[in-house]
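Asker: Predicted model and sequence follow; I will ask about them next.
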Amino acid sequence: MSRGTIRAFLVGDAQADRVVPPSGFTAHLTLFVSAAMAFLAVFALALSMASGRLADRWGEELALSATLRISAPPDQRAAQTRAALEILNQTPGIASARALTAEEQAALLEPWFGPDLPLESLPVPQLIEIIADDPAYDAAGLRLRLSGEVPGAILDDHTRWRAPLVDAANSLRRLGLISILLIVGATAAMVTLAAHAALAANAQVIEVLRLVGAKDRYIAQAFVRRFTLRALLGAGVGVVLGMAGVALLPSADDAGGFLTGLGFQGAGWLVPLVIPILGAAVAFGATWAAARHRLSELS
Amino acid sequence: MIELEHVGYSYGGGDLLSDLSLRLAPGSFHFLTGPSGAGKTTLLKLCYGALMPTTGRVQAFDMDMASLDRDQVALTRRRIGVVHQDCQFLDHLPLADNIALPLTVSGRDMSEESSNLAELMQWVGLSSRADALPPELSGGERQRAALARAVIMSPDVILADEPTGNVDWEMSQRLLRLLLELNKMGKTVLIASHDLALIRAAKSQVQARVLRISDKTLHLAGADL
């Protein structure tokens, strides 16, 4: 459709619009259902975008970082740490390797043991934070070398617990997208039913219009325009309410973790604005198909 | 104008019409008569493409009806004014809008046509009822409104199915005068009616051919009237 046609469609032909009698409460039902569907779509979208972000973050950030744990008797710890750091600095594919300070290790343990932990009195292993380069180092090769030269070192590249979390986040994203598809399908089904009902209720109008020489396009447009605008308006209201709901969720913070991260970020806030347009397009297609089907049965 | 060649039409049960030929010449005036159920309405519907013949072919304005797509059928109907026995309107629109409906659906500029509309409503004597809704009209008013709607596009052919079926004698005379006037303007007119008094009244004023449907086909019936 050209721009002129779209404008003509939106502005409408006042005469053409009048040939179909104004509809009563069914119009409100269409509005309500499209608003409800758009509201749900906003949350499904927020879910899939948030879990997508989560999966990406876990996938990328954690893949880059690894931890080397050195459990050695206190008198050998410093020496083994030095030896390990030396090996790490020589290993290709490692951007940086840094031994955590005692304060940093205490901060890591604080959530579990409280602030007054006498760290010195415990056999806490030394941690070395490894940031991988691109391309990354060969973990198996590094393990082998470390086991020979630094017997107390254990390399943990997080793969073991990262993979299922990324899987879970990806599943959530898939679920969100499937929900959106179902919402689109349900909207199309609802509009089709409503359009068929409207066409059946106006059988006499359609017959009269055919008799006086109206083209199918003219007859269909009166119905298509109404349902499209109703879906657009209803979905618009639903999206505004849904976005307000998402905006009012507590913001993500350090302690929040997963659920409070539900929402949109930055340009992501523009994505739900597509929903009313999608809703209108679905209503347009569904009504057009229903009208065509109905009219083709008439002479 | 409209030509039927060896047309047959059958409903599920059996043949209603068979081997029927008819040619409506420009400016001619035809009556179509015959007992109820003989197929008068079916024949009219074949003429404007509401029904398609099961055999033979129907030509309107030198085009085979069967070869037209739906939009072309719509365009053809703008050249054929139809008055039904039970005329239907858009019940939510005032009478003036209903009569102007063919103009509206064909995208004519209504402001240019308003004087034509007023003149036409005057001609059928419905000026005072312009704002009435169709359900408020009497049977005669509906018939006249349907006639006005059928002729507003200035069609070449007017098909009327029992236009006087629901009205008294005086009103049927008035409707007949309107149809005769249209014929004088050069329109082709075909009226289905079993009202013999009406046909006799018409024959005294116009060179009308009377066709009778019997035995599933058309016969020229002139002498016995």
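Answerer: Received, thanks. Residues are numbered from 1 along each chain as shown, chains lettered A, B, ... in the order given.

Asker: Only C-alpha atoms from now on, for both contacts and neighbour counts.
Answerer: Will do.

Asker: which non-adjacent residue is nearest A:A281?
Answerer: Nearest residue to A:A281 in three dimensions, chain neighbours excluded: A:T228, at 7.2 Å (Cα to Cα, 6 or more residues apart in numbering or on different chains).

Asker: Would you confirm that A:V19 contacts B:L90?
Answerer: Yes. Using Cα atoms under 8 Å, A:V19 is in contact with B:L90, at 7.2 Å.

Asker: shared neighbours, those two?
Answerer: A:V205 (Cα atoms under 8 Å, 6 or more residues apart in numbering or on different chains).

Asker: where does chain A dip in pLDDT?
Answerer: Within chain A, the segments meeting pLDDT under 70 span A:1-16, A:61-63, A:117, A:119, A:251-261, A:299.

Asker: Quickly find the element holding A:P164.
Answerer: A:P164 belongs to helix A:159-201 when elements are defined using DSSP states H and E.

Asker: Could you list every helix and strand in contact with that helix?
Answerer: helix A:25-64, helix A:216-247, helix A:274-296 (3 or more Cα pairs under 8 Å, 6 or more residues apart in numbering or on different chains; DSSP states H and E).

Asker: Is whatever residue of chain B ends up closest to chain A inside a helix or a strand, and which specific one?
Answerer: As assessed by Cα to the nearest Cα, chain A sits closest to B:A74 within chain B, at 4.3 Å. B:A74 belongs to helix B:70-77 when elements are defined using DSSP H and E.

Asker: and the angle for that helix with helix A:216-247?
Answerer: Here helix B:70-77 runs at an angle of 130 degrees relative to helix A:216-247 (axes from the mean of the first three to the mean of the last three Cα atoms, to 10 degrees).

Asker: Could you tell me which residues make contact with the closest residue to chain B within the stretch 51-200 of chain A?
Answerer: With Cα to the nearest Cα, the shortest gap between the stretch 51-200 of chain A and chain B falls at A:L199, namely 14.2 Å. Residues near A:L199 by Cα under 8 Å, 6+ apart: A:I206, A:F223, A:A291, A:R294.

Asker: Assign a three-state SS to the closest residue to chain B within chain A, would you?
Answerer: Closest to chain B within chain A is A:G213: 4.3 Å, counting by Cα to the nearest Cα. On the three-state scheme (DSSP: H, G, I helix; E, B strand; the rest coil), A:G213 is labelled coil.

Asker: re earlier: excluding covalently adjacent residues, which one is nearest to the residue of chain B closest to chain A?
Answerer: Per Cα to Cα, 6+ apart, closest to B:A74 is A:G213, 4.3 Å.

Asker: Check the gap between that neighbour and B:V83 for me.
Answerer: From A:G213 over to B:V83 the distance is 13 Å, taken as Cα to Cα, to the nearest Å.

Asker: same question, A:P73
Answerer: Taken as Cα to Cα, the span from A:P73 to B:V83 is 108 Å.

Asker: Need the distance between the two termini of stretch B:185-200.
Answerer: Taking Cα to Cα, stretch B:185-200 runs 21 Å from one end to the other.

Asker: still on that earlier bit, surely the residue nearest to B:A74 touches B:T104?
Answerer: No. Checked against Cα under 8 Å, the pair A:G213 and B:T104 is beyond contact range at 10.1 Å.

Asker: Neighbour count: A:V19 and B:L90, which is higher?
Answerer: B:L90 (25 against 22; other Cα atoms under 10 Å in any protein chain shown).

Asker: for that one, what are its contacts?
Answerer: Contacts of B:L90 by Cα under 8 Å, 6+ apart are A:V19, A:Q204, A:V205, A:V208, B:N98, B:P134.

Asker: Could you find the residue nearest the spatial middle of chain B?
Answerer: B:L159 (1.9 Å; Cα atoms, centre = their mean).

Asker: ok, back up a step: could I get the contacts of B:L90 in JSON lines, plus columns for distance to B:L178 and secondary structure?
Answerer: Output for those, formatted as JSON lines (distance: Cα to Cα, whole Å; DSSP: H, G, I helix; E, B strand; the rest coil):
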{"residue": "A:V19", "distance to B:L178": "28", "secondary structure": "coil"}
{"residue": "A:Q204", "distance to B:L178": "27", "secondary structure": "helix"}
{"residue": "A:V205", "distance to B:L178": "27", "secondary structure": "helix"}
{"residue": "A:V208", "distance to B:L178": "22", "secondary structure": "helix"}
{"residue": "B:N98", "distance to B:L178": "19", "secondary structure": "helix"}
{"residue": "B:P134", "distance to B:L178": "21", "secondary structure": "helix"}
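
Asker: Enumerate the residues of chain B near chain A.
Answerer: Residues of chain B that fall close to chain A, judged by Cα under 8 Å from any Cα of the partner chain: B:49-51, B:70-71, B:73-78, B:81-82, B:88-90, B:92-93, B:101-102, B:104-106, B:150.

Asker: try it again with 7 Å
Answerer: Taking Cα under 7 Å from any Cα of the partner chain as the measure of proximity, chain B contacts chain A at B:50-51, B:71, B:74-75, B:77-78, B:88-90, B:92, B:102, B:104-106.

Asker: Buried among the contacts of A:L199? Make that a ChimeraX selection.
Answerer: In ChimeraX syntax, the buried subset of those is picked out as below (16 or more other Cα atoms under 10 Å in any protein chain shown):
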select /A:206,223,291,294
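
Asker: Pull the most distant pair out of the contacts of A:L199.
Answerer: A:F223 and A:R294 (11.8 Å; Cα to Cα).

Asker: so where do the strands sit in chain B?
Answerer: All strands of chain B, identified by DSSP state E, fall at B:2-10, B:15-24, B:29-33, B:55-60, B:63-64, B:80-83, B:157-161, B:188-192, B:208-214, B:217-220.

Asker: which residues touch the nearest residue to B:D91 once chain neighbours are set aside?
Answerer: What sits nearest to B:D91 in space, not counting adjacent residues and going by Cα to Cα, 6+ apart, is B:P134, at 5.5 Å. Residues near B:P134 by Cα atoms under 7 Å, 6 or more residues apart in numbering or on different chains: B:F89, B:D91, B:P94, B:L95.

Asker: where does the third one fall, phi/psi-wise?
Answerer: For B:P94, the backbone dihedrals (degrees, to the nearest 10) come out as phi -60, psi 160.

Asker: Skip the chain neighbours and tell me the closest residue to it.
Answerer: Nearest to B:P94 is B:L133, by Cα to Cα, 6+ apart, at 4.6 Å.

Asker: Could you tell me which residues make contact with the residue of chain A closest to chain B?
Answerer: Taking Cα under 7 Å, 6+ apart as the test, what A:G213 contacts is B:A74, B:L75, B:R77, B:R78, B:P102.
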